[in-house]
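> structure for this input, please:
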Amino acid sequence: MTKESGLRRLTLSESRVARLVAEGLSDEQVAERLGIGVMDVSAELAEVFRKLGLRSRTELALLAPEPAEPDDTSSGQHEGGKGSDASRR
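Model prediction:
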């Protein structure tokens, strides 16, 4: 099984935990962010490692896709800038 197919097998909860752990958050921080218990985070993470054949948080971080780079259009300004008619619509 490839890592990509393993990623598709993760539940939504496992995916959320995996993403946050890959970003470098501790189990306690993940639990607080998701509103679940630390033991739940540990259980979800163990299942992620099992499904993906991983042994460490570092391997998980290396597997995780890079966050998307913000582009110029995400600044909230339209092509015409602040004073244009397009931004007032």
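> wait, what's in contact with the closest residue to residue 64 other than its chain neighbours?
Closest residue in space to residue 64, ignoring its immediate chain neighbours: residue 22 at 3.6 Å, by C-beta to C-beta, 6 or more residues apart in numbering. Every C-beta, even on glycine, is put in place using the N, C-alpha and C of the backbone. Neighbour list for residue 22: 57, 60, 61, 63, 64 [criterion: C-beta atoms under 8 Å, 6 or more residues apart in numbering].
> where does the chain have its least confident helix or strand?
Lowest on mean pLDDT, DSSP states H and E among the helices and strands of the chain sits helix 3-8, with a mean of 66.
> backbone phi and psi for residue 10, please?
phi -70, psi 140 (degrees, to the nearest 10).
> shouldn't it be in contact with residue 48?
Yes: here residue 10 reaches residue 48: they are 6.3 Å apart, a contact under C-beta atoms under 8 Å.
> got CSV for the contacts of residue 22, with neighbour count too?
Below are these laid out as CSV (neighbours: other C-beta atoms under 10 Å):
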residue, neighbour count
57, 17
60, 19
61, 14
63, 16
64, 14
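> may I see these organised as TSV, with secondary structure and distance to residue 37 added?
Below are the contacts of residue 22 laid out as TSV (DSSP: H, G, I helix; E, B strand; the rest coil; distance: C-beta to C-beta, whole Å):
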residue	secondary structure	distance to residue 37
57	helix	19
60	helix	20
61	helix	23
63	helix	25
64	coil	23
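> looking at these, which one is closest to residue 14?
residue 60 (11.2 Å; C-beta to C-beta).
> alpha carbons of stretch 29-49, as PDB, please.
Provided in PDB are the C-alpha atoms of stretch 29-49 (Å, rounded to 0.1, in the frame of the first residue of the first chain):
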ATOM      1  CA  GLN A  29      -2.300  21.200  22.000                       C
ATOM      2  CA  VAL A  30      -4.100  19.000  19.500                       C
ATOM      3  CA  ALA A  31      -6.600  17.900  22.200                       C
ATOM      4  CA  GLU A  32      -7.300  21.500  23.100                       C
ATOM      5  CA  ARG A  33      -7.700  22.600  19.500                       C
ATOM      6  CA  LEU A  34     -10.100  19.800  18.600                       C
ATOM      7  CA  GLY A  35     -11.900  19.700  21.900                       C
ATOM      8  CA  ILE A  36     -11.100  16.100  22.600                       C
ATOM      9  CA  GLY A  37      -9.100  14.300  25.300                       C
ATOM     10  CA  VAL A  38      -5.400  13.700  25.200                       C
ATOM     11  CA  MET A  39      -6.000  10.000  25.300                       C
ATOM     12  CA  ASP A  40      -8.200  10.300  22.300                       C
ATOM     13  CA  VAL A  41      -5.500  12.100  20.400                       C
ATOM     14  CA  SER A  42      -3.000   9.400  21.400                       C
ATOM     15  CA  ALA A  43      -5.400   6.700  20.100                       C
ATOM     16  CA  GLU A  44      -6.100   8.500  16.900                       C
ATOM     17  CA  LEU A  45      -2.400   9.100  16.300                       C
ATOM     18  CA  ALA A  46      -1.600   5.400  17.000                       C
ATOM     19  CA  GLU A  47      -4.200   4.400  14.300                       C
ATOM     20  CA  VAL A  48      -2.700   6.900  11.900                       C
ATOM     21  CA  PHE A  49       0.800   5.500  12.400                       C
END
